[in-house]
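Peer 1: sequence? don't have it. structure:
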């Protein structure tokens, strides 16, 4: 079951078969941020990359997000003794969206506690992307990673079904979040100066953009 919160505050339960087609948004979950050691690597400014919010087209897209153990994302079984690389669910999503992702690098940065946000953009549309938020809670014993996917509404049903298959794979999980209206991930990525870097808890973190033309 998926917990969905409408923009005017009502909550109800939906299965993937009866999610309504009209606009609704999932309210964001609790903050999971903490600071990390200062990063020495330089990065381009948002102005250098010409990243800005594109208001005329922002609502042509839908966002999905939830947190899950990183081993469930990249391995067949969540067992340190028999880790078998898999990741066919996230590979399938990346293929549909033409998003080249570097899974070994994501995993390496996660275990190295970079706490960064890695965003992989589509070859066909820079506003379509897969986001990995690598922030780690010091009390987290399940090695959770926050996954965000933004796609065009034409791919809404297929991407939702693929993500739900991954979501139902095992526990633990956060709520499955669907955003047609607020576009909160998009705003964080393309409006990072205001929605990300202005927050005190993110002062030692950064967003890394991959595959931007």
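Peer 2: Yes, it's here. Computed from a predicted model, the values in this text were never measured in an experiment.
Peer 1: Could you check how many residues crowd around residue 191?
Peer 2: Per other Cβ atoms under 10 Å, the neighbour tally for residue 191 reads 17. All C-beta atoms are positioned from the backbone trio N, CA, C, and that covers glycine.
Peer 1: looking at it, it is touching residue 58, isn't it?
Peer 2: No. Proximity of residue 191 to residue 58 does not meet the contact threshold set by Cβ atoms under 8 Å, at 10.6 Å.
Peer 1: For the residue nearest to the spatial centre of the chain, list the residues it contacts.
Peer 2: Taking Cα atoms, centre = their mean, the centroid of the chain lies closest to residue 148, which sits 1.6 Å from it. Neighbouring residues of residue 148 by Cβ atoms under 8 Å, 6 or more residues apart in numbering: 63, 64, 65, 130, 131, 132, 133, 185.
Peer 1: Mind checking which of the residues you listed are in strands?
Peer 2: Using DSSP state E, the members of the contacts of residue 148 that fall within strands are 63, 64, 65, 130, 131, 132, 133.
Peer 1: Quick check: phi and psi at residue 149.
Peer 2: Here the main-chain torsion angles of residue 149 (degrees, to the nearest 10) amount to phi -130, psi 130.
Peer 1: what's across from it in the sheet?
Peer 2: residue 64, residue 130 (DSSP bridges).
Peer 1: What distance do you get for it to residue 141?
Peer 2: Taken as Cβ to Cβ, to the nearest Å, the spacing of residue 149 relative to residue 141 amounts to 26 Å.
Peer 1: The two: who's more crowded?
Peer 2: Neighbours per residue, other Cβ under 10 Å: of residue 149 and residue 141, the larger number sits with residue 149, 24 against 8.
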